[in-house]
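# sequence below, structure please.
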Amino acid sequence: MPSLPTQPASPTPHDPGAGPAGERAALVAGAARDPIQTAAGGTIRIGTASWTDQTMTAPRVFYPKGADGAEERLAFYAATFPIVEIDATYYALPSAKTAAAWVERTPPDFTFDAKAHALMTGQPTETKRLPKDLRESLPAELASKPRIYAKELPPELRDEVWRRFRGGLEPLIASGQLGSVLLQFPKWFFPVGENRDLILDARDRLGDIRSAVEFRNETWFNDKNRDRTLKFLADNSIPLVLVDGPQGLKSSIPPLDVVTSPDLVVVRFHGRRTETWEATGIPVVERFRYLYSEAELAEWVPRIREAAREAREMHILMNNCYANYGSTNARELAAMLESELT
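Numbers count the residues shown, from 1 in each chain. This is a model prediction of the structure:
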């Protein structure tokens, strides 16, 4: 897919283009470079949910001149932020060779969070994206489908997906750089016993790899289910991903400051572009084309402060990765938190 323009035809406060966003970033240059050590003894890492989005790698957007290749870009990113989320692992099973290169290109204290592969959270994957030998192992009726779900796979192939996911990230595990795996469940994942069992199964399959759960269905937190959802996660020490995103939709999750595991809190900022959040037939990046105002970011400072009192570690990831919107907001939020929490 060709890169989308980073300068909107009609700039708005939340979509001003890369130039104005860069001017804001320059005011807080250096913020977010290092983890924030809180007065309570916790650690907060702030970064973005991608370092390779085509709108982010466009010339004169985030990367400087000369950072044109994969090695240079990751090295520059890792000198700018202490954490990043790997989005590619949602679409294709990771490669140990690639993960080993990531280790070589980053400092030993740099952290990668990885998004679980689609088949690991009940979502469909494009059949052609599976490794060749796995495609050849599919039953004929599945091999001919453009997209498949894990529930359609024979048990041994489902198990193999999980095995390869872990194997592909082994260099990050060995180096101590894998922070957690994001288990993002789809909007048709409802709060029923079967699905709670699937969450526990996913946690158990990952073993000693930390994981965090993000919901995309409002009913997990309606009046009937909210307390039960939080108790279930807390009883099993499963971190809930705290979310900022569009409200008033079936996939909307309310902004919370609840800690369900003292080990880890993950916060993800998706932007608030309601009109594109559930739209179909648009480039995925258009859902996240949103630059937060400083006032909107400030809303999260007290929530993060409360959560930081209970958790040893916090990962804050800007998923509004259109152009330099996410990197700008990451720096701005870090500057706010540094003055509040240290």
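# averaged pLDDT, stretch 29-39. What do you get?
What stretch 29-39 shows for mean pLDDT is 95.
# before we move on, what about stretch 58-78?
96.
# how distant is that stretch from the center of its chain?
The chain centroid and the centroid of stretch 58-78 are separated by 20 Å, computed with C-alpha atoms, centre = their mean, to the nearest Å.
# pull the CA atoms of it into CSV?
Extracted C-alpha coordinates of stretch 58-78, given in CSV (Å, rounded to 0.1, in the frame of the first residue of the first chain):
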residue,chain,number,x,y,z
ALA,A,58,8.1,9.1,5.2
PRO,A,59,10.9,11.7,4.6
ARG,A,60,11.2,14.5,7.2
VAL,A,61,8.4,13.1,9.4
PHE,A,62,10.0,11.3,12.4
TYR,A,63,13.3,9.9,11.2
PRO,A,64,16.3,12.1,10.3
LYS,A,65,18.1,12.1,7.0
GLY,A,66,20.3,9.1,6.8
ALA,A,67,17.9,6.8,8.8
ASP,A,68,16.6,5.2,5.7
GLY,A,69,17.1,1.5,6.4
ALA,A,70,15.7,-0.9,8.9
GLU,A,71,18.8,-1.0,11.1
GLU,A,72,19.2,2.8,11.2
ARG,A,73,15.6,3.4,11.9
LEU,A,74,15.4,1.0,14.9
ALA,A,75,18.6,2.4,16.3
PHE,A,76,17.3,5.9,16.1
TYR,A,77,14.0,4.9,17.6
ALA,A,78,15.6,3.1,20.5
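# count the neighbours of the nearest residue to residue 257 once chain neighbours are set aside for me.
Nearest non-adjacent residue to residue 257, counting by C-beta to C-beta, 6 or more residues apart in numbering: residue 303, 3.8 Å away. (Glycine included, C-beta is placed from N, CA and C.) Residues near residue 303, counting by other C-beta atoms under 10 Å, number 16.
# name the helices or strands packed onto the helix or strand residue 303 falls within?
With elements taken from DSSP states H and E, the one containing residue 303 is helix 300-308. Judged by 3 or more C-beta pairs under 8 Å, 6 or more residues apart in numbering; DSSP states H and E, the packing partners of helix 300-308 are strand 241-244, strand 265-269, strand 313-318, helix 325-341.
# in that helix, what counts as buried?
Neighbour-count burial for helix 300-308, counted by 16 or more other C-beta atoms under 10 Å, picks out 300, 303-305, 307-308.
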